[in-house]
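Asks: Structure for the following, please:
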Amino acid sequence: MLTATTARGRRNRINRVGIPALTLLIWILGLSSARGSEAVQLERWRLKAAEFERRGAWLEACRSYEDILRRDRMNSFAREGYQRCLRRLHIVIRHNDPLYRQVVARLSSSQALDTYEQVLTVVSVGYPDRGRTSLATLFQQGLQELQLALEDNLFRQTYLPGVKLAAINAYKNRLASWAIPALNSREDVRKEVRVVINSAVKDKVPYRLNFSKAVALEFAAGACNALDEYSAFISPGSMAMIQAALRGKVAGVGVELGIGKEKANHVLQITRVYPKSPAYDAGLQRGDRVIRINGVRVEDWLAEAAAERLRGDAGTSVDIEVVPNDPTIGASPDLSRGSRTVKLTRRAIVIPSIESEHTVLPDGTLAGYVRINHFQDSTLQEVKDAVAGLSASPSLGDPIKGLILDLRGNPGGLFHSAVAVAELFLHDGIIVIGQSPFKEFNQPFKVEVSGPSALLTLPMVILIDGETASAAEVLAGSLKGSRSGRAPTLVMGQTSYGKGSVQCIIPLDKAPLEKLTGIRLTVARLLSPTGQPYTGRGITPDVVTPLEDNALLQEARKRLLELIVPPMPTRPAVAAETTA
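Replies: Have a look, this model is predicted:
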C-alpha cells in the first residue's frame, strides 16, 4: 500500500511503503503435546497448496503456503512454494489488466526495450543487496519470467494466438538452456533480449510485434519479481488501485474475496466488508458465499478474477448473488438454496485505517482502545482525532488513564506514517534505523516533534501478533523500552512477523508508460532503535501469551490497570521475636 506523500521535512517523489504483498509468518507455540496433530494439519495444508498450485489458483496456493509458514517459519519447502506461486500470481494480475494490454499495444519495440533498461537502472541503483543485481543475474531472472509467462493461458492467447503448443514448448525449452554471454552494459543486455525474441522463429513461433514487446516487458518484470517477495513490477491497473488505497479511497463495492474453508471444493466467500460501502449498505456480511456475478456462475473462478469483476468506474453497477453465512444452508448440497441477488452501485469508498472506543478496566477506570489496521496517508490525523475524542468525553466523566494500542494483524503500510505516529508517544530518541543506498533512508529516524504532553506520559499496553509487520513493527519497536522512565509501557501477544524493510513505488517515466506503471522495490533494511534487525526476528513481546481475541483484550485491561495503579508490594512475613 503506497502513496506519493512524504514524511515531515523529508520530501521525495518516491513513495514510501513498508508492507508485505501477503502475510507470511505467525508465531508458533512449541507445545510438545500438540506437535502430532499440528504435523497432520501441516500436511493437510501442504496437500491443499499443491492442489491449488496444480489448478493454477495462485492466490489460494499462496495463502495455503502462508498457513504452513505461520506455524513453521523455517519451512524451506513452503517458502519456496510461496515465492514460486507469488511470481505466477503477478503474471496473472499483469495480463488480466486491460490497461496493461492497451499499453503493450501502444508501445513500439524500442520503447519496450527502453522500459527494460530503465528497470535495470533503478534496480541496480536502488536495491540494497548488490549481490543480486548484476546484469547477468537480472537477465537470467527475465528468462525465467518469460518461461513462466509462456505457461500462462491468457498470455499465449493474447500474444501468440493460433501458435501450436508444441512450438511454444520448444521455445520455452530453448530458454531454459539459454547460454548467458558476458553482459557488461545495459546495451549488451538489450541486444541479448533481441536475440531471445528473434530466436523464437527457430521453434516455429512466428514473429509478432505485440509478442516482441510483451517479451521485453516480461524481462522488465522478471528483474523485479525475483528479487524478494516484496519487490514487483506494477501494471497500470494495480498502480491506480495502490495509490487510491493509500489515500484511503478505492472505487468498488467494498468487499474482499477469498476461498472458503468449507468442505466444498471451491467456494468464493466474502472475507471483509468495508463500513459505509455499497456492500455494507446492502447487508452483505463476512462469510457470505458468492454464487454469481452479473448472472455468471463463479464457482470455479479464482478470487482475484472475481474481485476484478467487482471493480469498475464509480456510478456503474454490478449484480451479486450470494448465499448468507448460515450453517444450515451450508449443509445443503445446493449452494443456490436461500440465495439472494443484490444490485450494487460502485462508488469511491473511504477506508479508515483505525478503530477506537472507550474501554473499562477491572476496577472501573476508564481507558482508551485504538486499533490501527494499516498505515495510510490519513493515519496520523486519525490517531490524533481518536485520542482527542477518547480524552474529551464529558458524559463519561474523568479522562482516560491509559491506552491499549492494538497492532495485531497490521501488515504495515506507509513507513512515514508509522514514524509520525510514533512521535505522538515519544519525547525524544531514535524511532528506527535505516540502511539503504538512498541517503534519505540511510539514517537513524529520530523524534523531531514530540506529541502532546498528555500522550507522552500515558500508560500503554501494545498488542502484537505474528501478522504485525513492517511499518507496524516500526511503531511497536520504537515504543518498546523507549518510554521507560516517563510512561509505563508493556508489549503483549506473540512475536511479530519480522519484515524489516521498506519498499518504494518508483514510477516509470518512459513514454507512453509514464505515471501508468512503476516498480515496487525494496530500498532499505530496518533496524530497531538498539540496532537489532527486524527481518527474520520480529519483536518479542514483554509478555508472550497464546491468548487471542477477547481473551487477550481482557488480559490487556488487567495489565494496563497494573501500569496505572501498580499493585502494592507484598510485605514479607517476619518471624516473631523471642526473648531468652
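Asks: any idea which element the residue lying closest to residue 236 once chain neighbours are set aside lies in?
Replies: In space, and not counting its chain neighbours, residue 236 is closest to residue 99: 3.8 Å by CB to CB, 6 or more residues apart in numbering. Bear in mind the C-beta positions are built from the backbone N, C-alpha and C, glycine included. Residue 99 belongs to helix 98-106 when elements are defined using DSSP states H and E.
Asks: what's in contact with the helix or strand hosting residue 40?
Replies: Using DSSP H and E, residue 40 maps to helix 35-55. With contacts defined as CB atoms under 8 Å, 6 or more residues apart in numbering, helix 35-55 is touched by 58, 60-61, 64-65, 67-68, 71-72, 77-78, 81, 84-85.
Asks: Now render the residues you listed as TSV, adding distance to residue 254 and secondary structure.
Replies: Output for those, formatted as TSV (distance: CB to CB, whole Å; DSSP: H, G, I helix; E, B strand; the rest coil):
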residue	distance to residue 254	secondary structure
58	24	helix
60	22	helix
61	26	helix
64	26	helix
65	28	helix
67	26	helix
68	31	helix
71	32	helix
72	35	coil
77	37	helix
78	32	helix
81	32	helix
84	32	helix
85	27	helix
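Asks: For those residues, which entry has the maximal number of neighbours?
Replies: residue 65 (30 neighbours; other CB atoms under 10 Å).
Asks: Just list the residues touching that one, thanks.
Replies: Counting by CB under 8 Å, 6+ apart, residue 65 has contacts 45, 49, 78, 79, 81, 82, 85.
Asks: In this structure the last one contacts residue 63, no?
Replies: No. Taking contact to mean CB atoms under 8 Å, the distance of 9.3 Å between residue 85 and residue 63 leaves them out of contact.
Asks: Could you list the low-confidence segments of the stretch 51-200 of the chain?
Replies: Scanning the stretch 51-200 of the chain with the threshold set as pLDDT under 70 gives 70-71, 73.
Asks: Which positions within stretch 445-459 qualify as buried?
Replies: By 16 or more other CB atoms under 10 Å, the buried positions in stretch 445-459 come out as 445, 447, 451, 455, 456, 458, 459.
Asks: any idea how far that stretch is from the chain center?
Replies: Distance of stretch 445-459 from the chain centroid (CA atoms, centre = their mean, to the nearest Å) equals 28 Å.
Asks: Just put the contacts of helix 35-55 in TSV and tack on distance to residue 270.
Replies: Below are these laid out as TSV (distance: CB to CB, whole Å):
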residue	distance to residue 270
58	20
60	15
61	21
64	19
65	23
67	20
68	25
71	26
72	29
77	31
78	27
81	27
84	28
85	23
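Asks: Which of the residues you listed sits closest to residue 123?
Replies: Lowest distance from residue 123 to the contacts of helix 35-55 (CB to CB) belongs to residue 84, with 20.5 Å.
Asks: related to what we said a few turns ago, so what does the helix or strand just after the helix holding residue 99 touch, helix or strand wise?
Replies: Using DSSP H and E, the next helix or strand after helix 98-106 towards the C-terminus is helix 109-126. Under the contact definition 3 or more CB pairs under 8 Å, 6 or more residues apart in numbering; DSSP states H and E, helix 109-126 sits against helix 135-150, helix 186-198, helix 209-225, strand 501-507, strand 518-527.
Asks: got the angle for helix 109-126 vs strand 501-507?
Replies: 150 degrees (axes from the mean of the first three to the mean of the last three CA atoms, to 10 degrees).
Asks: Check which residues of helix 109-126 are buried.
Replies: Buried-residue list, helix 109-126, by 16+ other CB under 10 Å: 111-120, 122-124, 126.
Asks: all helices for the stretch 251-400 of the chain, in order.
Replies: 278-281, 303-310, 327-330, 379-391 (DSSP state H, counting those that start in this stretch).
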